[in-house]
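Participant: take a look and give me a structure for this.
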Amino acid sequence: MTDVIMPQMGESIVEGTLTKWLKKKGERVERDEPLFEISTDKVDTEIPSPAAGVLAEVLVEEGMTVAINTVVARIDESGAAEAVAAAPETQAATAPAPPAADSAPAAPSPAAAPEAPSAAAAGTEGIPGPLSPLVRRMAREYNIDLRQVKGTGAGGRITKADLEAYMAAQGAKTVAQAAEAPPPVAAPKPVPPPPTAPLPRAEAPKVRVEPMSIMRQKIAEHMVLSKRTSAHVTTVHRVDMTKIAKLRESQKTEFQARYGFGLTFLPFVTRAAAEALRAFPLVNASIEGANIIYHNEIHIGIAVALDNGLIVPVIRNADEKNVVGLQRAIVELATRARSKQLKPDEVQGGTFSITNFGSFGSLFATPVINQPQVAILGIGAVTKEPVVIDDAIAIRSVCYLSLTFDHRLIDGALADQFCLKVKSVLENWNEPVL
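Facilitator: Next up is the predicted model:
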């Protein structure tokens with residue numbers, strides 16, 4: 001038997017939620033084939049099987065949160081585990097034994113009589129598939145009749161996402177009904193009543209309650225932990241990106257044709273940050289108690305926005321890559337992040353992080369440090385602005401870089417020196433791209 005464990009998806013992660021089994025007990029699974037999905041504050045992804053064989057035991061149900069390294073299942077590599085088939089088992093359990101040829105049919109025993117449904121199961125009659133503990137708990141908390149919810153899981157099973165969709169639909173329906181409801185009409189009385197104020201129309205609900213996703217809850221915890229741990233300070237520098245903007249504009253078509261993906265500003269900034277981290281290794285360090293941990297390698301995390309949260313996959317040895325290598329790594333990691341294909345080691349081990357909020361039009365922001373790192377660089381949108389050059393006004397491509405740093409370790413002077421190094425590399429770019 002091979003144990004399947006809950007993996008650690010980052011240095012600060014101590015638990016994960018198993019959101020969905022992709023294989024059933026008794027089914028065949030190949031090595032590295034997706035086996036189950038998990039959700040943490042850093043990643044919402046599929047976990048591959050560590051071995052080929054038959055899924056012999058499932059020890060953790062969908063919706064359960066367990067500590068890292070907990071055994072969640074076992075795989076029989078010999079393939080000798082018996083496949084689980086619910087229908088044959090049910091038939092075997094209920095099929096009557098054939099009567100003896102020379103005896104009268106035996107009266108049914110009391111045990112064979114159908115049992116009355118229990119109070120816990122009464123509300124789930126006719127619902128396909130087993131219900132996870134999370135689904136049962138949500139149904140109890142929000143008083144949901146599960147027979148009214150359409151399941152989209154395997155065999156029509158109701159999942160957490162189905163409950164959230166149902167709750168959102170019911171909230172919208174309630175608002176629409178309240179908005180369309182006519183004002184109540186007072187019943188006629190024998191004696192004309194004295195003049196009164198008109199009755200108010202029914203008002204729509206003021207709030208809509210929706211539970212946080214597991215990833216959103218973990219992100220919230222991680223951000224609060226970071227603010228509680230580090231003394232956050234942010235410095236902002238304006239960078240003239242005109243040289244790089246012209247280089248990118250002149251080569252982006254050929255770049256796309258040659259490599260199959262586009263050329264953005266992000267790999268240029270990542271390359272400049274890697275050079276600055278080599279020049280100022282304290283920005284690439286971390287704190288452990290009263291000790292400073294200097295990292296000999298530069299692993300830069302790139303924040304990727306998801307539909308339901310944020311994830312920071314890591315480019316390892318980023319200082320050894322050129323613009324093409326960095327752009328390829330950024331595209332591949334972002335694509336796998338959005339398709340839930342990241343591996344555990346691709347979201348841990350980062351020594352510095354970059355977040356590109358400029359891709360959404362933001363000029364600058366004050367990002368939160370990704371623990372246990374001590375700094376994070378934010379990139380604003382590249383826009384054209386009038387700039388004074390030699391007492392003359394010129395139109396230049398400009399962006400704002402904001403460095404949030406941990407003041408416990410990094411002082412303002414060092415932070416500004418780091419930013420000036422990044423600024424110098426970008427404004428005096430001299431590396432070829434193609």
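
Participant: what's across from His237 in the sheet?
Facilitator: Leu401 (DSSP bridges).

Participant: show me what contacts it?
Facilitator: 400-403, 416, 419-420, 422-423 (CB atoms under 8 Å, 6 or more residues apart in numbering). (C-beta placed from N, C-alpha, C; glycine too.)

Participant: now do stretch 46-60, average pLDDT.
Facilitator: Across stretch 46-60, the average pLDDT comes to 90.

Participant: check the offset of that stretch from the chain's centre.
Facilitator: Distance of stretch 46-60 from the chain centroid (CA atoms, centre = their mean, to the nearest Å) equals 22 Å.

Participant: mind checking the end-to-end distance for that stretch?
Facilitator: End-to-end distance of stretch 46-60 (CA to CA, to the nearest Å): 16 Å.

Participant: now do the buried residues in it.
Facilitator: 46-51, 53-56, 58, 60 (16 or more other CB atoms under 10 Å).

Participant: for stretch 58-77, same thing?
Facilitator: 58, 60, 62-66, 70, 72-77.

Participant: so which of those belong to strands?
Facilitator: 58, 65-66, 72-76 (DSSP state E).

Participant: Gly361 touches Ala381, doesn't it?
Facilitator: Yes: using CB atoms under 8 Å as the test, Gly361 is close enough to Ala381 to be in contact (5.4 Å).

Participant: of those two, who's got more company?
Facilitator: Ala381 (17 against 9; other CB atoms under 10 Å).

Participant: can you name the residues that contact the closest residue to Leu163 other than its chain neighbours?
Facilitator: Take Leu163 and drop its neighbours on the chain: the residue closest to it by CB to CB, 6 or more residues apart in numbering is Met138, 5.2 Å away. Met138 sits next to 144, 160, 163, 211 when contact means CB under 8 Å, 6+ apart.

Participant: tell me the mean pLDDT over the helix or strand Met138 falls within?
Facilitator: If you go by DSSP states H and E, Met138 is part of helix 133-141. In this model, helix 133-141 has an average pLDDT of 71.

Participant: same check on stretch 392-412?
Facilitator: Average pLDDT, stretch 392-412: 97.

Participant: before we move on, what about stretch 217-230?
Facilitator: Here the average pLDDT along stretch 217-230 is 89.

Participant: next, the buried residues of it.
Facilitator: Quick answer for stretch 217-230 (16+ other CB under 10 Å): 217-219, 222-223, 226, 230.

Participant: ok, these vs Asp3, which is closest?
Facilitator: Proximity to Asp3 was ranked across the buried residues of stretch 217-230 by CB to CB; first place goes to Lys218, at 24.6 Å.

Participant: distance to Val239 and neighbour count added to the contacts of His237, as a markdown table?
Facilitator: Formatted as a markdown table, the contacts of His237 follow (distance: CB to CB, whole Å; neighbours: other CB atoms under 10 Å):
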| residue | distance to Val239 | neighbour count |
| --- | --- | --- |
| Tyr400 | 7 | 19 |
| Leu401 | 6 | 23 |
| Ser402 | 11 | 22 |
| Leu403 | 12 | 24 |
| Asp416 | 13 | 15 |
| Cys419 | 9 | 23 |
| Leu420 | 10 | 13 |
| Val422 | 8 | 23 |
| Lys423 | 5 | 18 |
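
Participant: nearest to Val207 among the residues you listed?
Facilitator: Val207 lies nearest to Ser402 out of those, by CB to CB, at 34.2 Å.

Participant: surely that closest one touches Leu377?
Facilitator: Yes: between Ser402 and Leu377 a contact is recorded at 7.4 Å, counting by CB under 8 Å.

Participant: shared neighbours of these two, anything?
Facilitator: Contacts common to Ser402 and Leu377, judged by CB under 8 Å, 6+ apart, are Pro367.

Participant: determine which two of the ones in strands among the buried residues of stretch 58-77 are furthest apart.
Facilitator: Thr65 and Asp76 (26.4 Å).

Participant: list the buried residues in stretch 319-339.
Facilitator: The neighbour-count check on stretch 319-339 (16+ other CB under 10 Å) flags 319, 321, 323-324, 326-331, 333-334, 336-337 as buried.

Participant: which one among these gets closest to Gln373?
Facilitator: Minimum distance to Gln373 across these is 15.9 Å, recorded for Asp319 (CB to CB).
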